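*Asks:* no FASTA, just this:
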């Protein structure tokens, strides 16, 4: 624990923003899982367990309403928190806002439903695939733009000058530039997608000044799990946060390799392994 | 009037952020000043007058406390508003914050005193010239760094991880990158300096996500003159905003060419032509 980011300081270092990665051991650093030869295995975020029982550090636990089905609760552990949190905590989208969402995968869909819950008036989904735009509408997108050519002109026309907020949910420097160009004067572009380490995004400082735009990064939806997980699950219980609709397919533990293959191909909004 | 930025929408288009420049005629577009041959002369911000009398559009006027000397009030028309406004309105610096200021000219000094008024605990001036750092201390800087080599390491050491806020007050893309690198995880870098149009600043989106930093442009201190001018002048009357100290020299109208030469050489904090 280095104490440099909110994960450490909250005593729950499942992610280390200093090292830019999820931890592979529990907080005290002891490997808990070993292979047949006794060699330590890294486990995702220091707690990723694919076992029926596990000892966990109390710092890695969040108490939730026991009425919530665990396959739904599991979603709040990553994509939901990242997308909805980027809207609620990072950007703080206000009611009546216009929002553009670049990339409508697991994270983008949650940005869209987060924006809908926050009362955004216009939510424009942008993706290269038509079926993703259709799914985006189920989560609250009011418009869809098929990304074939530069969508900035279309976005400015739809919103009368550019959306108030834009979210980059793919992990592309070039797309971060597009999101920044798209927003209105004084708007905010939020980068959520994790680009390759060497990628860069370039901006003109002069334009930045005159247009007074804001560019911000969001890691894990700027969430503190002990505060945000119960809050999001309460929204699910109230019928506002769509978790059932996010699960495209459930897998048995024996189907895990198939689940990972489907994850890689982007086939599911979310796939959940139930065991 | 295009109605696209806060200057138009407030009915006081002395600057046009859409065109990225100060206007050269009054709001209704009629040239008011002509040379000896009758050719229209552009006037700064549509009201820049170097005359003893002028007719002005009511939209270009702000009523101020008549007790305030006009040579001091004049300063609030640009550098003070830009610097102090960037702290109060754009960044919204909180008491107890740490702030780095890159460039300690007319705007930078006002960022420094704005940060001091806002209750910043640590204000670090960064400049290439030692005398500028000395002057910065008069305006509230607690520390000074002579910019010879990359100052990021020194800034991180001074603040234990990087300042909460950094302000770029020079107009350099490279310096905007330095300011962004300097701030702590979750910090905010504000670009105030107007760089050359072709200059770019480059950032790594991956780092942006993990570090959750914010990058924002500030034009004219995000101010609305009718609200902010009286507010700042009130701070002067209360002895909190240093305007007397900003004036390095006063010039008679006949000395105007000297005043402009001194402006260009950076000799004064501010020079004021009194006539």
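*Replies:* That came in fine, so what should we check first? The model shown is predicted, which means the values in this text are computed figures rather than measured ones.
*Asks:* Please make it C-alpha for all contacts and neighbour counts, starting now.
*Replies:* Noted.
*Asks:* Near chain B, which residues of the stretch 151-275 of chain A are found?
*Replies:* A:171-173, A:176, A:185, A:191-219, A:222 (CA under 8 Å from any CA of the partner chain).
*Asks:* Helix, strand or coil: sort out residue A:258 for me.
*Replies:* At residue A:258 the chain is in helix, as set by DSSP: H, G, I helix; E, B strand; the rest coil.
*Asks:* Show only the entries of the residues of the stretch 151-275 of chain A next to chain B found in helices.
*Replies:* With DSSP state H as the criterion, helices contain A:173, A:176, A:205-211 from among those.
*Asks:* biggest separation within those residues, which pair?
*Replies:* Largest separation among those by CA to CA: A:173 and A:210, giving 22.3 Å.
*Asks:* For the ones in helices among the residues of the stretch 151-275 of chain A next to chain B, pick the one with the most neighbours.
*Replies:* residue A:205 (31 neighbours; other CA atoms under 10 Å in any protein chain shown).
*Asks:* For the buried ones among the residues of the stretch 151-275 of chain A next to chain B, write the corresponding ChimeraX selection.
*Replies:* To isolate the buried ones among those in ChimeraX, judged by 16 or more other CA atoms under 10 Å in any protein chain shown, type:
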select /A:171,172,173,176,185,191,192,193,194,195,199,200,201,202,203,204,205,206,207,208,209,210,211,212,213,214,215,216,217,218,219,222
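*Asks:* Any regions of the stretch 101-250 of chain A where pLDDT drops low?
*Replies:* Within the stretch 101-250 of chain A, the set of residues satisfying pLDDT under 70 is empty.
*Asks:* Would you map the helices across it?
*Replies:* According to DSSP state H, counting those that start in this stretch, the stretch 101-250 of chain A carries its helices in the segments A:106-117, A:130-138, A:152-159, A:173-182, A:205-211, A:225-237.
*Asks:* list the helices and strands the last one packs on?
*Replies:* Helices and strands in packing contact with helix A:225-237 are listed as helix A:79-85; criterion 3 or more CA pairs under 8 Å, 6 or more residues apart in numbering or on different chains; DSSP states H and E.
*Asks:* So what touches the helix it packs on?
*Replies:* Helix A:79-85 is contacted by residues A:106-115, A:192, A:218-223, A:228-229, A:232 when judged by CA atoms under 8 Å, 6 or more residues apart in numbering or on different chains.
*Asks:* try 6 Å this time
*Replies:* A:106-107, A:110-111, A:114, A:220-221 (CA atoms under 6 Å, 6 or more residues apart in numbering or on different chains).
*Asks:* Name the member of those that has the highest neighbour count.
*Replies:* Neighbour max across the contacts of helix A:79-85 (other CA under 10 Å) = residue A:111, 40 neighbours.
*Asks:* The closest residue to that residue other than its chain neighbours: neighbour count?
*Replies:* Using CA to CA, 6 or more residues apart in numbering or on different chains and skipping the chain neighbours, the partner closest in space to residue A:111 is residue A:83 (4.3 Å). Counted with other CA under 10 Å, residues neighbouring residue A:83 total 30.
*Asks:* ok, now the one 3 residues further on?
*Replies:* Residues contacting residue A:86 under the criterion other CA under 10 Å number 29.
*Asks:* Now do the contacts for it.
*Replies:* residue A:221.
*Asks:* Next one: it from chain B, what distance?
*Replies:* Counting by CA to the nearest CA, to the nearest Å, the separation of residue A:86 from chain B is 11 Å.
*Asks:* And that residue, how close does it get to residue A:95?
*Replies:* Distance of residue A:86 to residue A:95, given as CA to CA, to the nearest Å: 15 Å.
*Asks:* same thing with residue A:132?
*Replies:* On the measure of CA to CA, residue A:132 and residue A:95 end up 25 Å apart.
*Asks:* the more surrounded of those two?
*Replies:* residue A:132 (20 against 13).
*Asks:* Give me the number of neighbouring residues for the closest residue to that one other than its chain neighbours.
*Replies:* Distance criterion CA to CA, 6+ apart; nearest residue to residue A:132, sequence neighbours excluded, is residue A:104 at 5.9 Å. Residue A:104 has 26 neighbours, counted by other CA under 10 Å.
*Asks:* and what of residue A:37?
*Replies:* 6.
*Asks:* Can you give me the pLDDT of it?
*Replies:* Note for residue A:37: predicted pLDDT of 93.
*Asks:* Could you grab the helix/strand/coil label for it?
*Replies:* Using three-state DSSP, the secondary structure recorded for residue A:37 is coil.
*Asks:* Could you pull up the contacting residues of the residue nearest to residue A:187 when sequence neighbours are not counted?
*Replies:* Distance criterion CA to CA, 6+ apart; nearest residue to residue A:187, sequence neighbours excluded, is residue A:164 at 4.7 Å. Residues in contact with residue A:164 (CA under 6 Å, 6+ apart) are A:98, A:183-184, A:187.
*Asks:* Do you know the pLDDT at residue A:61?
*Replies:* Residue A:61 is given a pLDDT of 83.
*Asks:* which ones are touching it?
*Replies:* So residue A:61 contacts nothing (CA under 6 Å, 6+ apart).
*Asks:* And it, how far from residue A:79?
*Replies:* Residue A:61 sits at a distance of 18 Å from residue A:79 (criterion: CA to CA).
*Asks:* Backbone dihedrals for the residue nearest to residue A:187, both of them.
*Replies:* Here is the backbone geometry of residue A:164 (degrees, to the nearest 10): phi -70, psi -40.
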